[in-house]
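Sharing a sequence plus its predicted fold:
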Amino acid sequence: DAKTTQPPSMDCAEGRAANLPCNHSTISGNEYVYWYRQIHSQGPQYIIHGLKNNETNEMASLIITEDRKSSTLILPHATLRDTAVYYCIVISGNTGKLIFGQGTTLQVKP
Amino acid sequence: NAGVTQTPKFRVLKTGQSMTLLCAQDMNHEYMYWYRQDPGMGLRLIHYSVGEGTTAKGEVPDGYNVSRLKKQNFLLGLESAAPSQTSVYFCATKNPRLASGNTIYFGEGSWLTVV
């Protein structure tokens, strides 16, 4: 299963777009890119996922490069409540050992 | 976090005591996971199971044992608790169908303190 690399931390001004990058250069054809976030010590929350096309839902947008080796999660208008740890993971249907890594700590500032 | 229930939610143990955390799911998922999360750190995989009767080691398995005797339950055991096992423990299940949406479902966490 492909590993992911994320910056350990990022800051964003409230009301601005937050762009969180993720590198997954060894991703294979049947693996999806998933994003989760964890606020304080709650269980991680699903945000969005994609295979190769860009995706948008009510929470965020996901931009996947054409070669699928990297992606960017976009929170279009960050609020203070978006302060959290964001995890990018690569999953296939038969992924057994599911590793989350350290994620990116996003701090939204007023 | 409907569908994944962890018990207990809070527990204080003395060093050397044993205990078992129970994860129960009602979604008929084959894959189940136990993670621990220490302050300021990401989720670290302890053990996982890809089906009833099977278990495998994750990133930090030492000091823990697991069992999956029934498909819906995944138990995490601490035979002799140590202060280093003070942590928040999360159980998760995975739906193998990826295209339709969320695939990983988490419990609400179990706060364990070993004194």
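That came in fine, so what should we check first?

How about stretch B:12-24, which residues are buried there?
Within stretch B:12-24, the residues that count as buried by 16 or more other Cβ atoms under 10 Å in any protein chain shown are B:Leu13, B:Leu21, B:Cys23, B:Ala24. C-betas here are computed from N, CA, C, even on glycine.

Contacts for it, please.
B:4-8, B:11, B:32, B:34, B:72-83, B:89, B:91, B:107, B:110, B:112-115 (Cβ atoms under 8 Å, 6 or more residues apart in numbering or on different chains).

and chain A, which of the residues you listed contact it?
Contacts with chain A within the contacts of stretch B:12-24, as defined by Cβ under 8 Å from any Cβ of the partner chain: B:Gly107.

Count residues in the vicinity of the closest residue to A:Asn94 other than its chain neighbours, would you?
Leaving out its chain neighbours, the residue that sits closest to A:Asn94 by Cβ to Cβ, 6 or more residues apart in numbering or on different chains is B:Pro96, at 6.8 Å. Applying other Cβ atoms under 10 Å in any protein chain shown, we find 14 residues neighbouring B:Pro96.

B:Pro96 contacts B:Glu30, correct?
Yes: with contacts counted by Cβ atoms under 8 Å, B:Pro96 reaches B:Glu30, the gap being 6.9 Å.

circling back: now, which of the buried residues of stretch B:12-24 sits nearest A:Asn23?
For the buried residues of stretch B:12-24, the minimum distance to A:Asn23 (Cβ to Cβ) is 31.6 Å, reached by B:Cys23.

Before I go, just wanted to say thanks for your time.
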